[in-house]
Structure formats: structure tokens, C-alpha cells
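Asks: A structural model of the following input is requested.
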Amino acid sequence: MKFTGEILPLRQQAEVVDGWLKARLDSIIPALMAREDMDMWIIACREYNEDPVIMSLLPAASMSARRRTILLFTRASDGSIERLTLSRYGYEGFYEAAWDPDEEDQQACLARLVRERDPKRIGINVSRTFAFGDGLSHTEFQLISDALDEKHRSRLISAEGLCVGWLEQRLPEEITAYARLVEIGHQIIVRAFSTAVIHPGITSTDDVVWWMRQTMQDAGLSAWFQPTIDVQAPGKSFQFIDNPCLTIQPGDLLHCDMGFHYLGLATDQQQHAYVLRLGEADAPAGLQAALRDGNRLQDIHFAEMQVGRSGNDVLRSVLDLAKAEGIRAQVYTHPLGCHGHAAGPIIGLWDKQDFVPGSGEYALFDHTVYSIELNILKSVPEWEGQDVRIMLEEDAVLTEGEMRWLDGRQQSLHLIG
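Replies: The predicted structure is shown next:
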């Protein structure tokens, strides 16, 4: 499948991403540092041992940190932000170069800048809860600690809120572009779940997996995990782990899971298809009813996604409301953004349906994107009462206090044959 004219050339992608970065640095960083009451933020890492945050703070042409890269954000009394880089290779237009390696040691330069600015609260990337906020290596922490005087060393605190807030918040123009990313994912799924790709009785689930992977690669999209294709049928139940490679047969209910990176943003989608038997014009009514239960669970979930609520609070409400309607539900929604399983509140895990410590207690903020991931179990009469698991995952945005699908959702099964 080709996406000629739809995926931007690399140079144009870089121009888009760099434009977003400048706007994000100008608007999001000042608001976040004020929200977190942080006077200074130090981000330090070495080439090939990058902090999870730093690549989202560097221009698109940066393929890694260079040698040791240090970024320094300082909040002035008027709320403005000074952005400095202490690195051998500068980032003109994004950060002001503040270190001359011919004149001063890098750590001595950092210590001098801190002394001159005398911040009261200095954020560093250490966190017990979020990997995204825990990117400062042990060595880098020691170097910073050794460089600072005792007064400023005592002011080092976790910048967890800055890391997560920076990664999770989206600009309006990013949200607009996100809808197109999700649409491309839907187009790939539609093609995969068709006779253009699947020949029942011949094509295997692995054939479709690798078709998806190759299609993304050929289009210039980067898969962030290996796609999966799973089969349910009479006598074949879904397994969360170790699903075998099977030949796709008439009467199978197929399930896919796929996602990619494009323009620095990630997608994550799951949908279902039914392989028609000879003489069938539609999927069995029981499977269609199961999909309707999945859609109903999505509706319940959407209504409970409100700014200020914690992930665990949303989880409890969704599961309680679903149970009251007789829906056997699981929810494991996660944020989307620079990463697939991204920074922000976790709303359930498939093996933690009561409470997720740490990240589950984080609150929902506005202008954030989520993969609404969940499943339901329903008995299918046409399959002699066998339970079928409908696993849906669609991408949505919480903006201006309201949840919206980025490119709709699956409300009918794809039909193959």
C-alpha cells in the first residue's frame, strides 16, 4: 500500500516538527514551570544514554544528544524563561549557547550559571513513579551534585511534573495533525482486513502482521511495536500472551493491534474483522452485539474522562457503570504523544483492574491525547455460548474540557470475503 503524496518528505517533516518545538518552548514551558513552581530545570545526558525527555526538546535534525548535552531553563520574576544550552554543539534558534569549552569546564559553567541565577527550586529528572521523569543517570546526578555548592545542592528536587507535563500537552496545531495520523492508521487497517491482503485458507496471521509492518516502513512510518493479528473462532479463544501463528479461515473473528510514529507523535489502534463463510452476507448477530457492547463501554469511558480526575477515579467509575449495565469490561487506557505508552495518567492495566499505584493517581489535564483501550466479554449464541473478547483501541483527545475521537471509531466489523 502506498501513501504517495500523503507522507511529507523528511525535510518538510523537520520543518513542521521544528515549528511546533519553537511554539511549545515559547508557550508550554513558561506555563509548566509556573504550574510546578520551579525556578530552574536542568536536563543532562550523554550520547546514546538519552533522557526520555531530551529528544522532544531538541530540533528534528538532532539524532541524539551530542557528547554531554545540558539544557538549562530558568524562570525569571516576570514569568519569562531563559533557555540555555551547555553543549559543544549549539541549537541556534532554540537555545542560547552558554558554554565556551575553550574557556571553562562544562560542570564549572553549570555551577556558575546556577550561582548567578540563585534559583530556590531546581528540578532534575528523578522520579519513582514515571520513567519519563527519571532520565538523569547516576553519573550525571553525581556530576551535578559535585559541581553545585551546598546551598544549591540542597535545592535539587524532582522535576517529574515538568517532564510529564511537557510530554503530554499538545498544541492546537499538533492536535489538528494528529487526526491525520490516526486516519492513516485506519486506512492501513482497512486494507489489511480485505481480500487485497487476506486469502482465506492460505494467508496466515503472520503474513498480515508483516504486511502491516512493511506497509508502514515503505510509507515512511516507524512502527513502535510489532503489530499483532489474533484469531477467535468456535473452539479458539483469545490469549493475552503467546498467540500462535494460524492460517486465517472462513468464520474467524480477527483482531489487530498496530501503531506508528510520524511527525514525532505515536498512534495505537485495535479493530476487528470477520471472515465470511460461503453463503454469509454479514457476521453472526452475536458478534455484532458484542461489538455494540464494546462501543457502549467506549461511550461510558468518554463521559468519565474529565479534567482533574485521577486515572484510578476514572477507572473505578467506568467499571462500576459498565457492571451496572451488565457489561463484562476491562479498561487499560493510556496516554499518547511523543511515545506510544506515553506520559500522563494510566487508567487501568489489563492485570490491574482495581488500582494502579503512582501513575494511576496522576490527574487528567486538558489538551492531552489518549489511546482509549479496553475490552468486553460476551457470550455468542451462534458459537454455542462461547465467550468472545472484543478488544477496541481508538485514539482521542481531551481538549477544551471535552473528549473527541481523532478520526472516529469502529462501529461495524470489517468483512472479508
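
Asks: From W350, how far off is F225?
Replies: F225 sits 15 Å away from W350, going by C-beta to C-beta, to the nearest Å. Heads up, the C-betas are built off the backbone N, CA and C, glycines and all.

Asks: what does E173 give?
Replies: With distances taken as C-beta to C-beta, E173 is found 34 Å from W350.

Asks: Report the contact partners of the nearest residue to T74 once chain neighbours are set aside.
Replies: Nearest residue to T74, sequence neighbours excluded (C-beta to C-beta, 6 or more residues apart in numbering): E82, at 4.5 Å. Shown in contact with E82 (C-beta atoms under 8 Å, 6 or more residues apart in numbering): L72, F73, T74, A76, E96, R117.

Asks: Could you save those as a markdown table and add columns showing distance to D366?
Replies: Formatted as a markdown table, the contacts of E82 follow (distance: C-beta to C-beta, whole Å):
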| residue | distance to D366 |
| --- | --- |
| L72 | 28 |
| F73 | 22 |
| T74 | 26 |
| A76 | 26 |
| E96 | 31 |
| R117 | 31 |
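
Asks: Cross those residues against helices and list the overlap.
Replies: Secondary structure from DSSP state H places R117 of the contacts of E82 in helices.

Asks: Where do the strands of the stretch 1-150 of the chain begin and end?
Replies: 40-46, 68-75, 81-86, 96-97, 122-124 (DSSP state E, counting those that start in this stretch).

Asks: which stretch in those strands is the model least sure about?
Replies: For those, the weakest mean pLDDT is recorded on strand 96-97, namely a mean of 93.

Asks: Residues in contact with that strand: which ones?
Replies: By C-beta under 8 Å, 6+ apart, strand 96-97 touches E82, R83, L84, T85, S87, G90.

Asks: Next: stretch 183-191.
Replies: Contacts for stretch 183-191 (C-beta under 8 Å, 6+ apart): 1, 3, 6-7, 197, 212, 215-216, 219, 221, 256, 258-260, 262, 267, 269, 271, 395, 407-408, 414.

Asks: Return a selection command, for use in ChimeraX, containing the buried ones of those residues.
Replies: Restricted to buried positions by 16 or more other C-beta atoms under 10 Å, the ChimeraX selection for the contacts of stretch 183-191 reads:
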select :1,7,197,212,215,216,219,221,256,258,259,260,262,267,269,271,395,407,414
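
Asks: Any regions of the stretch 1-150 of the chain where pLDDT drops low?
Replies: When residues are selected by pLDDT under 70, those of the stretch 1-150 of the chain lie in 1-5.

Asks: one more time with 90, if that's ok
Replies: Applying pLDDT under 90 to the stretch 1-150 of the chain flags residues 1-6, 61, 63-67, 87-93.

Asks: What segments of it are helices?
Replies: Using DSSP state H, counting those that start in this stretch, the helices assigned to the stretch 1-150 of the chain run over residues 10-35, 106-117, 138-147, 150-153.

Asks: Out of these, flag the one nearest I376.
Replies: Among these, the nearest to I376 by C-beta to C-beta is helix 10-35 (36.6 Å).

Asks: between the closest one and strand 81-86, what angle do the directions make?
Replies: Angle between the axes of helix 10-35 and strand 81-86 is 120 degrees (criterion: axes from the mean of the first three to the mean of the last three C-alpha atoms, to 10 degrees).

Asks: Which neighbouring elements make contact with helix 10-35?
Replies: strand 68-75, strand 81-86, helix 160-168, helix 172-192 (3 or more C-beta pairs under 8 Å, 6 or more residues apart in numbering; DSSP states H and E).

Asks: switch the cut-off to 10 Å
Replies: Identification of packing neighbours for helix 10-35 by 3 or more C-beta pairs under 10 Å, 6 or more residues apart in numbering; DSSP states H and E yields strand 40-46, strand 68-75, strand 81-86, helix 160-168, helix 172-192.

Asks: buried residues in stretch 15-31?
Replies: Applying 16+ other C-beta under 10 Å to stretch 15-31 flags V16, V17, D18, W20, L21, R24, L25, I28, I29, P30 as buried.

Asks: ok, these vs S310, which is closest?
Replies: I28 (22.0 Å).

Asks: ok, the closest one - contacts?
Replies: By C-beta atoms under 10 Å, 6 or more residues apart in numbering, the contact list for I28 reads G165, W166, Q169, R170, L171, H367.

Asks: G360 too?
Replies: 129, 310-315, 345-349, 352, 354 are the contacts of G360 under C-beta under 10 Å, 6+ apart.
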